[in-house]
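Asker: Show me how the following folds:
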Amino acid sequence: MSFASQSSQQKFPFKYDQVFDGLVEVIPRVGFKLKSRDKVIGRITASTGMSLFSLGENLAIVVEKIDDNDTLVGIESSLKQGINIGGAH
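Answerer: Below you'll find the model as predicted:
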């Protein structure tokens, strides 16, 4: 059983532009629909539709420049429905 949301963050040893542009490029490849992106504020939103194990999922991604060569990425994943008996994030 999975509950409504989960979050995680990770520091990457890459420039902000590389990380942001890489996320925008890879999100559709892994099955999410890119809903919005704003490079100025570092926010990306994406979603998936219904599948065998889920009624859909929303992603909110925040990309933050730490310094010239390090970037922090925070991801919050939330189910479109409150509880999912058959799957997890």
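
Asker: which parts of the least confident helix or strand in the chain by mean pLDDT are buried?
Answerer: Counting by mean pLDDT, DSSP states H and E, the chain has its least confident helix or strand at strand 5-12, which shows a mean of 92. Of the residues in strand 5-12, residue 12 count as buried by neighbour count, 16 or more other C-beta atoms under 10 Å. Placement of C-beta: from N, CA and C, glycine included.

Asker: shaky segments in the protein?
Answerer: Across the chain, the ranges flagged by pLDDT under 70 are 1-4, 51-54, 81-89.

Asker: Strands along that one, start to end?
Answerer: Remark: strands of the chain, listed N- to C-terminal, are 5-12, 33-38, 43-48, 57-67, 70-79; assignment by DSSP state E.

Asker: what's the first one in contact with?
Answerer: It refers to strand 5-12. Around strand 5-12, the neighbours that count as contacts under C-beta atoms under 8 Å, 6 or more residues apart in numbering are 19, 66, 70-79, 89.
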